[in-house]
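Visitor: how would this look folded up:
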Amino acid sequence: MMQSLHQFLHSKKIKAIIPVRNQNLSVYETKGFYRKQMKKNFDKKTYNQRNIVESIIFAFKKTFGDIISSKLLSSAYADVYCRAIAYNLFSFLLLRFGTSPKINK
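Guide: Here you go, the predicted model:
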């Protein structure tokens with residue numbers, strides 16, 4: 001099962017950054033061509049960036065919800081793009097002007 005997934009990712013030129021389960025085994029004791037390659041080329045720095053990406057996706061879903069009511073695929077793409085633009089604009093304005101805007105009376 002996993003070997004076929006790794007073959008699919010490799011055929012699409014997608015780099016899988018997945019830690020191998022048993023870190024104590026040497027590369028030569030690890031079974032599977034793609035698992036051996038993953039163990040040799042595992043980039044811990046890139047893998048640790050996953051937490052940042054997951055935090056952003058969580059905040060995005062918390063803000064806009066995780067349901068898209070569009071029926072057509074093109075409408076769903078447009079909906080997600082508009083939400084992403086709104087989220088990025090909101091984040092930019094929040095960083096630029098702060099969390100508590102000053103109101104002049």
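Visitor: shaky segments in this protein?
Guide: 1, 22-24, 27-28, 99-105 (pLDDT under 70).
Visitor: any idea where the helices of it begin and end?
Guide: 2-11, 33-40, 44-48, 50-64, 73-97 (DSSP state H).
Visitor: which one of the ones you listed is the most hemmed in?
Guide: helix 33-40 (a mean of 16; mean count of other C-beta atoms under 10 Å). (Glycine included, C-beta is placed from N, CA and C.)
Visitor: now that helix against helix 2-11, angle please.
Guide: 70 degrees (axes from the mean of the first three to the mean of the last three C-alpha atoms, to 10 degrees).
Visitor: Show me the contact partners of helix 33-40.
Guide: Residues outside helix 33-40 that contact it (C-beta atoms under 8 Å, 6 or more residues apart in numbering) are Met2, Gln3, His6, Gln7, His10, Ala16, Ile18, Val20, Val27, Thr30.
Visitor: what's the spacing between the second one and Ile14?
Guide: Pointing back at Gln3 there. 15 Å (C-beta to C-beta, to the nearest Å).
Visitor: Same question for the last one.
Guide: Here the criterion is C-beta to C-beta. By it, Thr30 lies 20 Å from Ile14.
Visitor: cool, Asn48 as well?
Guide: Taking C-beta to C-beta, one finds Asn48 at 19 Å from Ile14.
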